[in-house]
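Undergrad: when you get a sec, could you give me coordinates for this:
(one chain, ligands or ions: 2)
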Amino acid sequence: MMTPMRYVVLVLCVIVSLHFILTVSHEAYGNATSISHLLAGQKKVDDSHYAVPDLYHWPDNSTYRVQDRRANATIVMLARNSDLKGVVKSMKQMEDRFNKQFRYPYTFLNEEPFTDKFKETITELTNAPVEFGLIPREHWYQPDWIDEAKASAAREDMVKNNVIYGGSLPYRNMCRFNSGFFYRHELLSKYKYYWRVEPDVTFFCDLDYDPFLFMQDHGKVYGFTIALPEYVETIPTLWNTVKDFIKKNPDVIPADNAMDFLSDDKGDTYNRCHFWSNFEIADLDFWRGEAYSKFFDHLDAAGGFYYERWGDAPVHSIGAALLAPKDKLHFFHDVGYRHEPFQHCPRSESHKNGKCWCSLDDENFDYHWYSCLPKFDRLFA
Ligand SMILES: Nc1nc2c(ncn2[C@@H]2O[C@H](COP(=O)(O)OP(=O)(O)OP(=O)(O)O)[C@@H](O)[C@H]2O)c(=O)[nH]1
Ligand SMILES: [Mg+2]
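TA: Numbers count the residues shown, from 1 in each chain. Ligands and ions are numbered 1, 2, ... in the order given. Down below sits the predicted model:
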């Protein structure tokens, strides 16, 4: 063989060997370079099994109509007065893309009273009813039984390690409130379903069906749009606490749960996958039920909301994936959505039906190497 040819062969061999080693040793690399992933990049993903039946969709000419059949549901936003600008951005889109037709009531919650300016600005944006609620102190602030010296040492450590929101006490209050208290607020007690919305999000597509009725008719308890792994530094002892709960409460865990979304080794370790809880359409009664109440109390008693920085996203996700049969979880593939820095853009027919303005060519997180959606897909494969 001629010398230059030998080099070419050698380089090719090194590349192939490296690819093989990385595929075997790094699951994320393997996923990202797999044939199915590459095909997904070519928009060939079949998402038909996530489709919402035609009978839920309203034809185009039926705008501004409040449907006869309605779910008992609210759109809920936790916000500070200082979040107003981002709240308005999210809410205007919510109205234009969906709620102008459906007129579901809004519920705003805050641990401080909302200002008149906040309330007036919000109520101008919609014809739907709006309620503003004050969060009871005992649902928000760090409980007395938390060892403050231990908690503040943990915060300082996280600041040193550049953990996002690692030094923030309000952020921890917010995560604990969203994990275990929002659904107990008196303004939410009359509702069964909610759609959680955050400031500064983007909705890319028109939604011409009622997602709450879909949830209700199909017995779904939790709906999401984006799934990804949690930062390991924020949850060092979360999974051991969960395993302890499983051991003590086997009776509340259904056999057909979604453990394989959470763990790659049948529950021994947590793969950190969670549904991104800044978007949620879910059943309040599921959180209020016996299983999740026990689950939340168990986690809360361990103190990890303050001694670490447990987020409501992994807590809700582990709760939903563990305590509900897997077919009660729903991927809202037809809701085009962005919360910085990730977005989900509906594919194929849904993109056209929703008149979506997100591009499918880039930025779609679904089959990005960091996405946990493939693990959700595999639950039903
Ligand atoms: N009332 C109140 N709401 C809060 C507080 N902190 C956060 N929130 C709300 O809780 C939700 C989550 O907070 P975010 O700051 O968006 O947290 P995040 O999504 O993890 O981080 P970002 O990337 O900053 O969006 C949002 O709806 C906020 O408006 C707080 O101290 N008080
Ligand atoms: Mg946010």
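Undergrad: low pLDDT regions in the chain?
TA: 1-4, 8, 13, 16-45, 58-67 (pLDDT under 70).
Undergrad: name the residues of it found near ligand 2, please.
TA: With CB under 5 Å from the ion as the criterion, the chain meets ligand 2 at residues Glu198, Asn278. Placement of C-beta: from N, CA and C, glycine included.
Undergrad: and the residue of the chain that's closest to ligand 2?
TA: Nearest residue of the chain to ligand 2: Glu198, at 4.3 Å (CB to the ion).
Undergrad: tell me who's in contact with Ala154.
TA: Tyr306, Tyr307, Glu308, Arg309 (CB atoms under 8 Å, 6 or more residues apart in numbering).
Undergrad: so how far is Ala313 from it?
TA: From Ala154 over to Ala313 the distance is 19 Å, taken as CB to CB, to the nearest Å.
Undergrad: what ranges do the strands span in the stretch 151-300 of the chain?
TA: Using DSSP state E, counting those that start in this stretch, the strands assigned to the stretch 151-300 of the chain run over residues 193-196, 202-203, 222-224, 227-229, 273-275, 280-283.
Undergrad: where exactly do the helices run in the stretch 251-381 of the chain?
TA: Listed in chain order, the helices of the stretch 251-381 of the chain (DSSP state H, counting those that start in this stretch) span 259-262, 284-288, 290-302, 304-307, 312-323, 348-353, 373-379.
Undergrad: next, the angle helix 312-323 makes with the longest one.
TA: The one in question is helix 290-302. 140 degrees (axes from the mean of the first three to the mean of the last three CA atoms, to 10 degrees).
Undergrad: which parts of helix 290-302 are buried?
TA: Ala291, Tyr292, Ser293, Lys294, Phe295, Phe296, His298, Leu299, Asp300, Ala302 (16 or more other CB atoms under 10 Å).
Undergrad: about what we covered before: in a markdown table, list the helices of the stretch 251-381 of the chain along with distance to Asn99.
TA: Output for the helices of the stretch 251-381 of the chain, formatted as a markdown table (distance: least, CB to CB, whole Å):
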| stretch | distance to Asn99 |
| --- | --- |
| helix 259-262 | 30 |
| helix 284-288 | 18 |
| helix 290-302 | 27 |
| helix 304-307 | 32 |
| helix 312-323 | 23 |
| helix 348-353 | 18 |
| helix 373-379 | 26 |
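Undergrad: of those helices, give the one that comes closest to Tyr231.
TA: For these, proximity to Tyr231 was assessed by CB to CB; helix 312-323 is nearest, at 9.7 Å.
Undergrad: dump the C-alpha coordinates for the closest one into PDB.
TA: Taking C-alpha atoms only, helix 312-323 is exported to PDB below (Å, rounded to 0.1, in the frame of the first residue of the first chain):
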ATOM      1  CA  ASP A 312     -40.300  21.200  41.900                       C
ATOM      2  CA  ALA A 313     -39.600  19.800  38.500                       C
ATOM      3  CA  PRO A 314     -37.800  16.600  39.700                       C
ATOM      4  CA  VAL A 315     -40.200  16.300  42.700                       C
ATOM      5  CA  HIS A 316     -43.300  16.600  40.500                       C
ATOM      6  CA  SER A 317     -41.800  14.400  37.900                       C
ATOM      7  CA  ILE A 318     -40.700  11.600  40.200                       C
ATOM      8  CA  GLY A 319     -44.100  11.800  41.900                       C
ATOM      9  CA  ALA A 320     -46.000  11.500  38.700                       C
ATOM     10  CA  ALA A 321     -43.800   8.900  37.100                       C
ATOM     11  CA  LEU A 322     -43.700   6.700  40.200                       C
ATOM     12  CA  LEU A 323     -47.200   7.100  41.700                       C
END
